[in-house]
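S.K.: Next one to model:
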Amino acid sequence: MGRNFWLLLGNQVASRVAYNIVTFTLLIWVFQLTGSNSAVALWMVMFFVASFSFSLVAGVAADHFDRRKLIITANLLWGIVVLFFIPAKESFALILVLTLATQALDEFFIPSQNSSVPDLVSRRRLFRANSLFFLATYIATFTGYFLSGVLFRFWGYPVPFLVASFLIVVGAFFTAGLPPLHPAAGALAPGEFFAQLKQKLADQLDFLFHNPRVATNIFLLATMFSAVTGAAAIAPGFAEQALKIDARDLSFVVIFPAGAGLLLGTILLGRFGKKFWHVWQGIFVLGFLVLALAVGPTLRIFFASHVARPQYFEQLPLFSFFVAVLAIVMGFVVATVLIPVVTSLQKLTPQKNLGRTYGALQTLSAILITVGVLAFGVVSDLFSPVAPLVFMGLSAVGVSLWVKSKVRLES
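M.R.: Numbering: from 1, shown residues only. The predicted structure follows:
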């Protein structure tokens, strides 16, 4: 793949571990601070307010500025801002404001990073590169989640933020070793950039309107991202209120097993490619797995009856094992769905539109996720965290049938 690809991958690993250490720590802390699924949902909305506000602008920036400089700047500023979560520990309002700021910075990182991959590898190696990128990204994601639970449970609240700040700076040093990543559209002065921003966004909407296969890929990815994020919004409440497992132990019971499943799925997909199974079949299976997880609280009586309050996972060994097995299989299926769709999107989109296309993906994801997490949070507080999972499972089955009949991916 070449030295430059591995440097970009090194930054992706370091930055995503850091990002997800912070995200999972705050996910658990906001629930423990407020005791409310709706508060967790409101906190998650800050991510998507930032996405909606900045992602398209960031996508245009990725198409017109040196992506290496954008990545380094976003990394270093994020590493500074994240340290302010430590003194803001007891203030939910300040946590919301800081979350908005850190996510806004991350919006400039994502399209610059993702749209740089085709610059560093040949077209014939793009599927393999994306498999490696996906593998590294999701290992980093689940490593961050896992480390967060360990650091938070055994060393307390401040340590995850200190570790994350250090890692993001390491990622910036990796990126500094890359050559300039000038976009195909050519660089613009800041004044010209803002003058052309409106036209560029209009051109991107026109591109999507006249390229329905690209738009369909974006919608499919945004729907999957919104489902995963909606599940994350209710995860602490589902763990403690339904499964009766301490929310900090999600790292051991769900995150680590799901990461193992993702690793296995990525390896097998890299070996067998599109012959493994169709995307619609993966989504269909995923829907049934979510429904199986939803009935977990009912099955708990066979493993550990009369549990009145959340326990550490090692106190519920058989039930924790059942949840972990489900997580492994779900991680495996997710890997076999996302990699082909991301590769299809990159192959269908011209290089000059790639940054804006990722920006459009983030914007649509922000809209769907905002609606989803707020609805899931409120429904979880009014009824049960099980109800949103049932809805997700049934919806996934419906989406799989739509994909089978209407969606054609670029292989």
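
S.K.: give the contact list for the nearest residue to residue 282 once chain neighbours are set aside.
M.R.: When the adjacent residues along the chain are set aside, residue 282 lies closest to residue 337, with 4.1 Å between them (CB to CB, 6 or more residues apart in numbering). From N, CA and C alone the C-beta is placed, and that goes for glycine too. For residue 337, the contacting residues are 224, 279, 282-283, 286, by CB atoms under 8 Å, 6 or more residues apart in numbering.

S.K.: host element of residue 337?
M.R.: With secondary structure defined by DSSP states H and E, residue 337 is part of helix 317-348.

S.K.: For that helix, buried residues please.
M.R.: For helix 317-348, the neighbour count (16 or more other CB atoms under 10 Å) marks 319-320, 322-324, 326-348 as buried.

S.K.: any idea how far that helix is from the chain center?
M.R.: Put simply, helix 317-348 sits 13 Å off its chain's centre (CA atoms, centre = their mean, to the nearest Å).

S.K.: same thing with stretch 15-28?
M.R.: 11 Å.

S.K.: Could you pull up the mean pLDDT of it?
M.R.: Stretch 15-28 comes out with an average pLDDT of 90.

S.K.: now do stretch 171-188
M.R.: Rounded mean pLDDT across stretch 171-188 is 68.

S.K.: Just list what the helix or strand containing residue 369 packs against, helices and strands only.
M.R.: Using DSSP H and E, residue 369 sits in helix 351-382. Applying 3 or more CB pairs under 8 Å, 6 or more residues apart in numbering; DSSP states H and E, we find helix 351-382 packed against helix 37-62, helix 92-114, helix 117-120, helix 190-210, helix 212-237, helix 317-348, helix 386-406.

S.K.: Let me know the angle separating the longest one from helix 92-114.
M.R.: So the one you mean is helix 317-348. Between helix 317-348 and helix 92-114, the angle comes out at 50 degrees (axes from the mean of the first three to the mean of the last three CA atoms, to 10 degrees).

S.K.: same thing with the first one?
M.R.: In terms of direction (the same axes, to 10 degrees), helix 37-62 departs from helix 92-114 by 40 degrees.

S.K.: and if you look at the fifth one?
M.R.: Angle of helix 212-237 versus helix 92-114, following the same axes, to 10 degrees, is 140 degrees.

S.K.: one step back: going through the contacts of residue 337, which ones are buried?
M.R.: Using 16+ other CB under 10 Å, the buried ones in these are 224, 279, 282-283, 286.

S.K.: would you turn those residues into a markdown table with pLDDT and secondary structure?
M.R.: Shown next, in a markdown table, are these (pLDDT from 0 to 100; DSSP: H, G, I helix; E, B strand; the rest coil):
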| residue | pLDDT | secondary structure |
| --- | --- | --- |
| 224 | 78 | helix |
| 279 | 77 | helix |
| 282 | 81 | helix |
| 283 | 84 | helix |
| 286 | 85 | helix |
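
S.K.: Return the distance of residue 134 relative to residue 335.
M.R.: For residue 134, the distance to residue 335 (CB to CB, to the nearest Å) stands at 7 Å.

S.K.: Next up, the contacts around the closest residue to residue 217 other than its chain neighbours.
M.R.: When the adjacent residues along the chain are set aside, residue 217 lies closest to residue 345, with 4.3 Å between them (CB to CB, 6+ apart). Residues in contact with residue 345 (CB under 8 Å, 6+ apart) are 214, 217-218, 221, 357, 361.

S.K.: So for this structure, the centremost residue is which one?
M.R.: Central residue of the chain (CA atoms, centre = their mean): residue 225, 6.6 Å from the mean position.

S.K.: Could you double-check that that residue sits in contact with residue 367?
M.R.: No: Residue 225 lies out of contact with residue 367 (CB atoms under 8 Å); the separation is 11.2 Å.

S.K.: buried stuff in stretch 154-167?
M.R.: Going by neighbour count (16+ other CB under 10 Å), the buried part of stretch 154-167 is 157-161, 163-165, 167.

S.K.: Distance from the helix holding residue 369 to the middle of the chain?
M.R.: 11 Å.
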